[in-house]
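# need a 3D model of the sequence below.
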Amino acid sequence: MSWFVQLSYLLAAVLFIFGLKAMSSPRTARKGIIWAGFGMVLATLVTFLHPDIHGVSNYILIVIGIAVAGVLAWWSGRRVAMTEMPQMVALYNGMGGGAAAAIAAVEMLRALRMLPDDLQARAASLAEESGLSVAAAEAALRAEGAASGSIAAALGADVTVLAILGALIGTVAFSGSLIAWAKLDGRMQRNSLVPAQQIVNVVVFALAVIFGIMTFFTDSVAIVVIFFALGLLFGVFVAVPIGGADMPVIISLFNALTGLAVAFEGYAIGNPAMIIAGTVVGAAGTLLTQLMAKAMNRSIANVLFAGFGTTVQASSEGPEGEMQDVSAEDAGIMMAFADKVVIVPGYGMAVAQAQHKIWELVELLQGRGVDVKFAIHPVAGRMPGHMNVLLAEAGVPYDMIFDMEEINEEFATTDVAVVIGANDVVNPAAKNDPSSPIFGMPILDVDAAENVLVIKRGKGTGFSGVENALFFSENTRMVFGDGQKVAGAMVQAVKGL
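Numbering: from 1, shown residues only. Next up is the predicted model:
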């Protein structure tokens, strides 16, 4: 039966890989989710046949865990709004890191329970060989030092090292993801919890490493508990200073850490499916984090330690000129008589739930012969791929959605560029203002279009607190109002032509 279980785990891992590959494209993402889902079902069901699972109580606990988690996941997945999807991703990602850390904790506690039995067995053997009493032999073994009664001695050095690393990474991903969820959900606005937050972070991390080393040699439950507590505390402290505008990068980073933790713990318990799947997720998450940081012209270290994008940050000087507004009806008519329109969505479109009205508008424009495309920046929204998911929900065909590198050159030949709910990703200050906090960040070149329409609720700055020079440009007209209502008014204007 053991070979069947291991073969099934390997097949599940292969399904995970194919699923993840398919998720890299919106066209095949649904198929990828189904493949990965089959892999997860297979890995879960075959666990019931694992030879190391004994006792009816263990099977009952597994069934209860699956039932409770499945119901909660189904309920939350059905009711979550599209604007809350980043929070849900952060929360579920944290659960993965927490699960990996929990596996490490169970293995370490199991090793600690094994130590007395192991010591007694060795003492009995030594007593038989030397003629000492069992008590004297046990005392002699204890005098040899802690190494003879340590977690490493029970699990093996390689397993213990990976279990400790997985525990540290998993706890950091768990508590850090919870903070990311709280910030995205508006439940936390602070960017520090203690004075000199970054210095405290270094101290806490150093202590976590020290106690991790002590855990390798220890036979004390207290040392293990302190180690896990420091990992959780460091995860909280490292996520708190990070600004809201950097949350897409941080969610991706924590996802990579969770995958790495799962791979380490898979090695610790000898589960090939966890090793392969965790490694793939860790590698993919790392690459995605690097790509997103590059899209913001930021290093990972800068994202972690700069605190850019907090709610207290604001630009020191506003752009020259004044905002010029136009009615939604006039904006709709302008698009109706254009040859080419490019729409740039952002998080504001998700907040207004305007994607369906925007798609209705696009269909009307296409009926009049207008060439319409969508342009997506790599960090648009508050999680990787947020805007792609939003547009797919509204029924926008995948061949109408273009990434920044594919679409940027076309703005110069675009009659009307429509920005709905986006801010930093279209801010020309990133190209021409060295004093701007976002200078050097690659942006969508909407300012090169003949006309720019910006649908925005009010005149305030965006999520990062940086004023957008685009809104003051001569070729820009602001369409103030709720995104869904504005889009509805545009639809009516085009229908009336």
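
# and the spatially most central residue of the chain, what does it touch?
The centroid of the chain falls nearest to I251 when counting by Cα atoms, centre = their mean (2.6 Å). Shown in contact with I251 (Cβ atoms under 8 Å, 6 or more residues apart in numbering): 86, 89-90, 93, 177, 180, 383-384. C-betas here are computed from N, CA, C, even on glycine.

# make it 6 Å
With contact set as Cβ atoms under 6 Å, 6 or more residues apart in numbering, I251 has these partners: 90, 180, 383.

# what's the helix or strand for it?
helix 247-269 (DSSP states H and E).

# for F374, which non-adjacent residue is spatially closest?
Closest residue in space to F374, ignoring its immediate chain neighbours: I401 at 4.7 Å, by Cβ to Cβ, 6 or more residues apart in numbering.

# wait, a helix at V466?
No. Read with DSSP: H, G, I helix; E, B strand; the rest coil, V466 is coil and lies in no helix.

# pLDDT wise, what is it at?
Model confidence at V466, expressed as pLDDT, equals 75.

# and what of the one 10 residues further on?
Looking at T476, its pLDDT reads 94.

# give the contact list for it.
Counting by Cβ under 6 Å, 6+ apart, T476 has contacts 452, 470.

# re earlier: so how far is I179 from the residue nearest to the centre of the chain?
I251 is 11 Å from I179, where distance means Cβ to Cβ, to the nearest Å.

# burial of the closest residue in space to A328 that isn't next to it in sequence, as a residue count?
Closest residue in space to A328, ignoring its immediate chain neighbours: A489 at 3.6 Å, by Cβ to Cβ, 6+ apart. A489 sits with 20 neighbouring residues when counted by other Cβ atoms under 10 Å.

# wait, a strand at I455?
Yes. Checked against three-state DSSP, I455 lies within a strand.

# name the nearest residue to it, ignoring sequence neighbours.
Nearest non-adjacent residue to I455, counting by Cβ to Cβ, 6+ apart: I420, 4.3 Å away.

# swap in D185?
Excluding its sequence neighbours, the residue lying closest to D185 (Cβ to Cβ, 6+ apart) is Q87, at 4.8 Å.

# per-residue pLDDT, that neighbour?
Reported pLDDT for Q87: 84.

# go on, the one 4 residues further on?
Here, the pLDDT recorded for L91 equals 89.

# and it, how many neighbours?
A count of nearby residues for L91, using other Cβ under 10 Å, gives 19.

# separation between it and I179?
Distance from L91 to I179, by Cβ to Cβ: 11 Å.

# again with T28
As defined by Cβ to Cβ, T28 lies at a distance of 33 Å from I179.

# which one's more surrounded, these two?
Shown here are T28 and I179; by other Cβ under 10 Å, I179 has more neighbours (25 against 15).

# which residue ranges of the stretch 51-200 of the chain form helices?
Under the criterion DSSP state H, counting those that start in this stretch, the stretch 51-200 of the chain carries helices at the ranges 56-79, 85-130, 134-143, 151-155, 157-184, 197-217.

# out of those, nearest to A336?
helix 85-130 (32.2 Å; Cβ to Cβ).

# quick check, distance from the closest one to the centre of its chain.
Put simply, helix 85-130 sits 27 Å off its chain's centre (Cα atoms, centre = their mean, to the nearest Å).

# for it, packing partners?
helix 134-143, helix 151-155, helix 157-184, helix 247-269 (3 or more Cβ pairs under 6 Å, 6 or more residues apart in numbering; DSSP states H and E).

# give me phi/psi at the residue nearest to I455?
As for I420, its main-chain torsions (degrees, to the nearest 10) stand at phi -120, psi 110.

# and what of V479?
V479 adopts backbone torsions of phi -120, psi 100, taken as degrees, to the nearest 10.

# residues contacting it?
By Cβ under 6 Å, 6+ apart, the neighbours of V479 are 328, 331, 453, 455, 486.

# for it, give me the pLDDT.
V479 carries a pLDDT value of 94.

# residue ranges with poor pLDDT in this protein?
Residue ranges of the chain with pLDDT under 70: 1, 82, 114-124, 126-127, 134, 137-149, 243-245, 298, 305-320, 460-465.
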